[in-house]
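Visitor: When you get a sec, could you give me coordinates for this:
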Amino acid sequence: ITTTGLYPLLAKAIAMAAWFKGLFGPKLSSTPSRTSFEDVYQKITDNQPQNIYREVLLLCGHSGSVKHLVNISNSGFFLSFSFVSAGDDGRLIVWNSERGHQLHVLEGHTCPITTILVLNTTPNDCNETLILSASSKEMILWELSSDERFDPESNIKVITEHEGSVNCLTTLNHGLVCSGGKDLCLWDITSGKLLSKYDRSKLEGDNSDVFAVLELEGRNVGIVAVSKYHQPAVFDIKKSTVTHTSSYELQFCCYLLSFHHQPISYLAPVSGSLFVTGAEDGTVVIWSMNSLSAVKKFECTEEGNELTASVPPTTPSTLLLPGPSPVTYIMVLCERYMFIATGNGFKTFDVYSSEGSQFSNEFHSMPKPIMVNTQAHMAPITHMEFLPESFMLLTSSEDGAVRLWGTQTPPIKRESSPPLDASTVSSKLKYSVEVFLGIQAGQQHPSKNRRRPLNPTFPVVPILLGELCLHSGSVQIILNLGFDNGLATCGDDGMVLLWKNLELENQKRDLEIQKFLKGEMFFDATS
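Guide: Just a heads-up that it's a prediction; the model follows:
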């Protein structure tokens, strides 16, 4: 066989082998398997017809990474539509969420801000807002007033009685605030007085700083604190009263049993009686606030998504999440539906589901995930937010993108959001979440013992509806400002972006133009 005739023979042999492989080899199913459709990275078309956030405002004011966004919802008229941003430049900026302009610039920190907390004001002080910010050197209490002539830097309290960086702040009952870092401190925030400090160097084996604190509502007075340690720590707050003067003392109670094999990475409340911890090994444990015992354990292994077949009735149920990725974020909605971000993806579970359980106690069950997306981003997820008005889930990531997820149910379009009371908002959120997750409608008010049946097609795979890609670095926070005001995002690139509903904003502008032409309003060139 000459060289000239060799190549045609090789080509025919390769074609024949491919034909035999297609004829007798394994067939590809038109329906994707559970493993295959979970691991598909979805891409979006350029026009993004279902993405309502197509108008964006760049809010300039920070010179470093912006890592904190907090909504202000209980203030006077001047701050009724506003939010606060803070970051590594040591500056806090209060923004108007309607127009995007600055209301206040708070400068007092000399180091990066590690956490901020908006304190609830009393009815007598409805025109004032208290913001507590912390860094590695001090905590500052800012008092903002609805009076536009008020200078926020003229009435501040600087607190420097703690040692080391303050990583977290949380409000407690009786007007107290707890700060966590190198030590745990208890404060009377109205006076800025340090009430009690617990030296955590007394604890053996745990040398890392506290990064999250949660009040235990089921106990008399107590908190749970987590650090880069595999066991949550419980502290009691002892109160004594002598001659009409109250004193408080933080006392170490115990470490909870070790169900995590690596350091804890997340702490969040589930309900008034439950809280949840997530760890770097992918394990997620739900705890009872009353008994301080674990009631469910979700475990991440390399085997994949199969459920553990045999679990003793005396141990928490075990659920395997995809891959050994650390838990980066946990969002709990309606005190029931838990969205867990591990690595580049997320899963959603019903906390009270007993489907597949072999035990009578629903907490000793092996629930299946309601929603699965293991490849939602190209990098780990940093934050999640749910939009009940649009039936959409938002995820942000270190890849610099904010992605909008939906299901087969199309978003409901409406012109504005009427004011709702608390019960209506709660029921509306529950309805929106269950529609988004594809849960079948059952009885109107199911009890915890008789939950609604689940769709047999679970787990649901969310559909990518849109993508917000203007950040050049990791996106840290997504802040939902309501249907009328849109979203705010911040990131390591130092940008704060205000995303608006283009259709709704066009309607607002048309209405303003009509009022202007009728002489009913005048435009302010400075706004």
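
Visitor: Next secondary structure after the helix or strand bottoming out on mean pLDDT in the chain?
Guide: Counting by mean pLDDT, DSSP states H and E, the weakest-scoring helix or strand in the chain turns out to be helix 34-38, with a mean of 41. Using DSSP states H and E, the next helix or strand after helix 34-38 towards the C-terminus is strand 53-59.

Visitor: That next one: which residues count as buried?
Guide: 53, 56-57, 59 (16 or more other Cβ atoms under 10 Å). Every C-beta, even on glycine, is put in place using the N, C-alpha and C of the backbone.

Visitor: Other residues contacting it?
Guide: Contacts with strand 53-59, where a contact means Cβ atoms under 8 Å, 6 or more residues apart in numbering, come from 48, 85, 93, 95, 100, 102, 404, 466, 468, 470, 486-487, 495-502, 505.

Visitor: Now Asn207. Nearest residue, chain neighbours left out?
Guide: Closest residue in space to Asn207, ignoring its immediate chain neighbours: Ser201 at 8.0 Å, by Cβ to Cβ, 6 or more residues apart in numbering.

Visitor: Look up phi and psi at the one you found.
Guide: Taking degrees, to the nearest 10, you get phi -70, psi -10 for the backbone angles of Ser201.

Visitor: can you count the residues close to it?
Guide: 10 (other Cβ atoms under 10 Å).

Visitor: Can you list the low-confidence ranges for the stretch 151-300 of the chain?
Guide: Scanning the stretch 151-300 of the chain with the threshold set as pLDDT under 70 gives 151-155, 218-220, 243, 299-300.

Visitor: where do the strands sit along it?
Guide: Using DSSP state E, counting those that start in this stretch, the strands of the stretch 151-300 of the chain run over 156-159, 166-171, 176-181, 184-188, 193-198, 210-215, 222-227, 233-242, 245-255, 264-269, 274-279, 284-288, 294-301.

Visitor: Please name whichever of those strands is nearest to Phe516.
Guide: Proximity to Phe516, assessed across those by Cβ to Cβ, is greatest for strand 156-159 (40.3 Å).

Visitor: Give me the three-state assignment for the residue nearest to Lys43 when sequence neighbours are not counted.
Guide: Setting aside the residues directly before and after it, Lys43 is nearest to Leu464 in space (Cβ to Cβ, 6+ apart), at 7.4 Å. Using DSSP: H, G, I helix; E, B strand; the rest coil, the structure places Leu464 in strand.

Visitor: got it, and Ser432?
Guide: Assignment for Ser432 (three-state DSSP): helix.

Visitor: who are the neighbours in contact with the residue nearest to it when sequence neighbours are not counted?
Guide: Leaving aside its sequence neighbours, Ser432 sits nearest to Pro388 (Cβ to Cβ, 6+ apart; 3.7 Å). Neighbouring residues of Pro388 by Cβ under 8 Å, 6+ apart: 428-429, 432-433.

Visitor: Tell me how far Pro388 lies from Cys334.
Guide: Using Cβ to Cβ, to the nearest Å, one gets 10 Å for the distance from Pro388 to Cys334.

Visitor: repeat for Leu186
Guide: Leu186 is 31 Å from Cys334, by Cβ to Cβ.

Visitor: more crowded one of the two?
Guide: Taking other Cβ under 10 Å, Leu186 and Cys334 do not tie; Leu186 has more neighbours (21 against 15).

Visitor: low-scoring pLDDT stretches of the stretch 401-527 of the chain, where are they?
Guide: Applying pLDDT under 70 to the stretch 401-527 of the chain picks out residues 408-425, 440-458, 522-527.

Visitor: should've said the stretch 1-150 of the chain
Guide: 1-39, 73-80, 120-128, 146-150.

Visitor: Spatially nearest residue to Cys253, not counting backbone neighbours?
Guide: Val234 (4.3 Å).

Visitor: count of residues packed around that neighbour?
Guide: Neighbour count of Val234, defined by other Cβ under 10 Å: 19.

Visitor: That one contacts Glu215, correct?
Guide: No: counting by Cβ atoms under 8 Å, Val234 sits too far from Glu215 to count as a contact (11.4 Å).

Visitor: Identify the contacts common to those two.
Guide: 222-223.

Visitor: can you count the residues close to Glu161?
Guide: 12.

Visitor: ok, Asn47 - how many residues close by?
Guide: A count of neighbours around Asn47, defined by other Cβ under 10 Å, yields 8.

Visitor: Ramachandran angles for Val435?
Guide: Per degrees, to the nearest 10, the backbone of Val435 is at phi -70, psi -40.

Visitor: State the distance from it to Asn480.
Guide: Where Asn480 is concerned, Val435 sits at a distance of 17 Å (Cβ to Cβ).

Visitor: And for Thr283?
Guide: For Thr283, the distance to Asn480 - Cβ to Cβ - is 29 Å.

Visitor: These two: who's more crowded?
Guide: More crowded of Thr283 and Asn480, by other Cβ under 10 Å: Thr283, with 26 against 16.

Visitor: Can you tell me how far Ser329 is from Tyr229?
Guide: Ser isn't right for residue 329; it's Tyr. Distance from Tyr329 to Tyr229, by Cβ to Cβ: 20 Å.

Visitor: wait, what's in contact with the closest residue to Asp199 other than its chain neighbours?
Guide: Leaving aside its sequence neighbours, Asp199 sits nearest to Asp183 (Cβ to Cβ, 6+ apart; 5.8 Å). Residues in contact with Asp183, defined by Cβ under 8 Å, 6+ apart, are 162-164, 197-200.

Visitor: Switch these over to a markdown table; also include neighbour count and distance to Leu117.
Guide: Listed next are those as a markdown table, based on neighbours: other Cβ atoms under 10 Å; distance: Cβ to Cβ, whole Å:
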| residue | neighbour count | distance to Leu117 |
| --- | --- | --- |
| His162 | 21 | 15 |
| Glu163 | 12 | 20 |
| Gly164 | 12 | 18 |
| Lys197 | 17 | 18 |
| Tyr198 | 19 | 20 |
| Asp199 | 11 | 23 |
| Arg200 | 22 | 21 |
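
Visitor: Nearest to Leu172 among the residues you listed?
Guide: Tyr198 (14.2 Å).

Visitor: That closest one bridge partners, please.
Guide: Using DSSP bridges, the beta-bridge partners of Tyr198 come out as Leu184.

Visitor: got the contact list for it?
Guide: Going by Cβ under 8 Å, 6+ apart, Tyr198 touches 183-185, 235, 250-252.

Visitor: Could you do Ala134 as well?
Guide: By Cβ under 8 Å, 6+ apart, the residues touching Ala134 are 113-116, 140, 165-166, 169, 179.

Visitor: Let's see the ChimeraX selection covering just the buried ones among these.
Guide: Buried members of the contacts of Ala134, defined by 16+ other Cβ under 10 Å, are picked up in ChimeraX with:
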select :113,114,115,116,140,165,166,169,179
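
Visitor: between the contacts of Ala134, which is nearest Asp209?
Guide: Each of the contacts of Ala134 was scored against Asp209 by Cβ to Cβ, and Ser165 proved nearest at 6.8 Å.

Visitor: Helix or strand: which one has the closest residue to that closest one other than its chain neighbours?
Guide: Leaving aside its chain neighbours, Ser165 sits nearest to Ser136 (3.9 Å; criterion: Cβ to Cβ, 6+ apart). Using DSSP H and E, Ser136 falls within no helix or strand.
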